[in-house]
Structures are given as C-alpha cells and as structure tokens.
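Chemist: fold the following for me, if possible:
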Amino acid sequence: MYRLCAIIKYVILLVIVSLSCCFIRNKMRNDHQTFNLRPKRKVKSIDCLGLFYNEEETLLDIRSQMEHNEQVVESLPVNISKLFSCDDLIKKNGYITSSLTKEEEEFPIAFSILMFKRPEQFERLLRAIYRPQNIYCIHVDLKTFTRPFSSVKKISSCFPNVFMASQRVNVIWGHNVLDAELVCMRDLLKYKWKYLINLTGQEFPLKANWELVKILKAYNGANDIEGTIKHINKDRWKNSGKPPHNLVLVKGATHIIACRGYIEFVMNDKRALDFVEWARLSTHPEEVFFSTLNHNPFLNVPGSYRGVPETGPNKPFLARFKNWGGLKCFGKRVRAICIIGVGDLHYLLNASELFVNKFYDDFEPVALDCMEELIYNRTALAPVLQKTFDVGIWANLPFVKNKNN
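Modeler: Purely as a prediction, here's the structure:
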C-alpha cells in the first residue's frame, strides 16, 4: 500500500511538472511567437563576454591569434559575392522573419542605409536590424561598382519591406550626402512607420529591436538630433548668404533619430524646402540642415527641441556612439574617428546610445562578430530581459521633456 501511494505521488508530480513545462513553453511561444533563431555564426575560440568585460586574458588571447593571422571567424553560410537564392539567404543566415512581439509589430521603424562598399558588411547590418514590420531604404553610391551594387540589389529583392532608393546620387563627402539622405526620406514616407533612423553601411545596433521600440516609445515623439552653436563652422557657408526665414544656424551630426512628423516637415514645408536650397550652397550641408530645423522652436517642427541647442551633459545625443577623441581608441583612428576594435567593445556593452559608428569588417573583424552575438542574445533573451529593462534613462532626457508637440 505504501509503495502504491508513493507511485501515485510520483505520477502526480510528473504530471504537474509536465503541465508546468507546457505552460512555460506556451507562454514563451505567445511572447515570442515564431521566434526560431538558429545561431550559425559563432566566434571560434573567443570569449566575447570577456571582451565586453575588458578581461585582459581574453584580450591577450585574441590579439595573439590575430598576430599569427589565425582565422577566428567562421564564414557565413551564404556567400553574397556569389549566386545565392533568397531562401538560402534568409534561412541559413538566420534572418528573423517574425515581429516577435505585439509591441514591436505595432511600432514599425523606418531605416535608411547609405552605403558605397562592402556589401557583406551591409548584409550583416541588415540582418541585425531586420524585422518584417519595419521598412528599409537602401541607397548605394552611384560610383559603386556593378558587382557590389548587384549584390545589394539582390539582397533587397528577397524582402518585401526592403527596397533600393528611387534615385542614386554620386555622393561626394562634404557636398551632397544630404541629397542621398533626402531621396530615402522621400521614398520612406510612402509607408507607415513611427520613427526614422538613418544609417550607413559601417554601423551596427547597440540595442535589439525590442529595446529600440521601448526607447523610441519613451522618446514620445521627440527627435534625437545633435546640435551646437558654440562649435559651429561659419566658414562652411560664407558664400551662401543669409539663411532664409531668419533661421539661427545650428551644427550637428548627419545621423538622426526623428519622428514621422519631423520628416514630413523636412520634405513638405516651404520653409524647409527654401532652407535645403540655401544649405546646398554650403559645404557639409547635412551637418547644418537637420540640426537647424530641430533647434529653431518658432518653426514648430514636430518633435523639435525648445531649449538651448547645445549637445552635452544637459542635452545628450544618443542616436550614435562615436569616439572622436574623448575616449582612448584601442582600434585605429581614421580621419579622427575611432574604428572599433576588440579593445573598444567594453565601451559598448552598457552604452545608452542606440547605434555605434563605425566598424571595418576587414579590421579586427571579431569585434563585429561579437557585437552580432550580443544583439542576437539580447533578442533571444527578450522575455527575461524585458522584465528589468528600464526606459527611465531615455524617458527623462531633456529633449524628451522639452519638445514641440
């Protein structure tokens, strides 16, 4: 009798455990829908977390391997420099073809990506930020050779929400980057989305898509656009004449995070259209156009800033992490900006910025591999990480609290 009772108790316990497991599995299924990532791009013999935590032993190990020219990264399953099928690209390279959560599905993001070389690196960026609810405009420099252009065009054809820009600009740095940006902005306005993030092919996300959505919702319509009057370069428009509509000129970065209303103003308002014609007479017009429109409160541009336009501790710029010299560069500097290497990853693990500029995939490529692994893990662990994710850092930013509605 005692043994029978013990057996019954054991069976009941098994049933309870089984039902609990089913409940947990079903809950995760509901939270993450059809999430089915199959990680196939693992860094060989490298402890990426050790690099992110700046562990000396890990850094010495990877540097030793790089000095001996040892291959530490596996090649991608699908080589985009050769013929490939869309099915192979999507499945073997592990694209996420589900919105994953209802919150993400209901908050589509528009991305523009300007690129001129290295389609392989572009593909990695696209894969990291791709979701079926988002919209992507790809501008390839008119100077780009036929083969890389064809590779990018082929990649974009594999997705209904990724398209090539309607016009290609022969981009000359310091002169007409703005024109390429505006092409994609105009194209993207044909679709539904909440925010626009403009990127280049050498950048990478610091947040998973679910984190981006929560942060942008915390922005609540505010634009994240850099601005300064103190460090303005007046020589750039000495031949442009007086700016129209009594605009106060403000300098800032090309890279922006802007609400839809701001982009609609940029593309349609007569004052913005007059100003873009003025800006085209200057050098680096992209560094004065977006910032000036965002920091002249009398324009009432949606999401613009009503305070003093001076990026710094009182008005941080979190659209990009860029190391112009404020931090030691462990990679290498090219035209003053730090190209991220393995020794720089510890800056990025808990950074408040949303994207990082920039990587060269042929310079210490394991750094980019580890970033890809980090974002993958944050996506896979979203049901757990969301419970403690605090948007307070972003919700209380001055440009969020002091914006034009």
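
Chemist: give me the pLDDT value at the nearest residue to Cys86 once chain neighbours are set aside.
Modeler: Leaving aside its sequence neighbours, Cys86 sits nearest to Cys158 (Cβ to Cβ, 6 or more residues apart in numbering; 3.6 Å). (Each C-beta comes from the backbone N, C-alpha and C, glycine too.) We have a pLDDT of 97 for Cys158.

Chemist: same deal with Arg147?
Modeler: pLDDT, read off for Arg147, is 88.

Chemist: cool, and Trp173?
Modeler: For Trp173, the model assigns a pLDDT of 84.

Chemist: any figure for the gap between it and Ser166?
Modeler: 22 Å (Cβ to Cβ, to the nearest Å).

Chemist: now swap in Pro119 and tell me
Modeler: From Pro119 to Ser166 the distance is 20 Å (Cβ to Cβ).

Chemist: more crowded one of those two?
Modeler: Set Pro119 next to Ser166 and count neighbours by other Cβ atoms under 10 Å: Pro119 wins out with 23 against 12.

Chemist: got the contact list for the more buried one?
Modeler: Counting by Cβ atoms under 8 Å, 6 or more residues apart in numbering, Pro119 touches Ile80, Ser81, Pro148, Ser151, Val152, Ile155.

Chemist: could you point out which element follows the helix or strand harbouring the last one?
Modeler: Counting by DSSP states H and E, the element that carries Ile155 is helix 146-157. Scanning the chain past helix 146-157 towards its C-terminal end, the next helix or strand to appear is strand 162-164 (assignment: DSSP H and E).

Chemist: all helices of the stretch 301-405 of the chain, in order?
Modeler: For the stretch 301-405 of the chain, the helices defined by DSSP state H, counting those that start in this stretch cover 366-380, 382-385, 392-395, 398-401.

Chemist: looking at these, which is closest to Pro316?
Modeler: Nearest of the helices of the stretch 301-405 of the chain to Pro316, taken as Cβ to Cβ: helix 398-401 at 8.1 Å.

Chemist: for Pro243, give its distance to Ser304.
Modeler: Distance from Pro243 to Ser304, by Cβ to Cβ: 16 Å.

Chemist: pick out whichever of those two has more residues nearby.
Modeler: Per other Cβ under 10 Å, whichever of Pro243 and Ser304 has more neighbours is Ser304, with 27 against 18.

Chemist: quickly find the element holding His139.
Modeler: strand 135-140.

Chemist: list the strands paired with that strand, with their directions.
Modeler: Strand 135-140 has the following strand partners under DSSP bridges: strand 109-115 (parallel), strand 162-164 (parallel).

Chemist: looking at those strands, which is closest to Pro285?
Modeler: Among the strands paired with strand 135-140, strand 109-115 sits nearest to Pro285 (Cβ to Cβ), with 14.7 Å.
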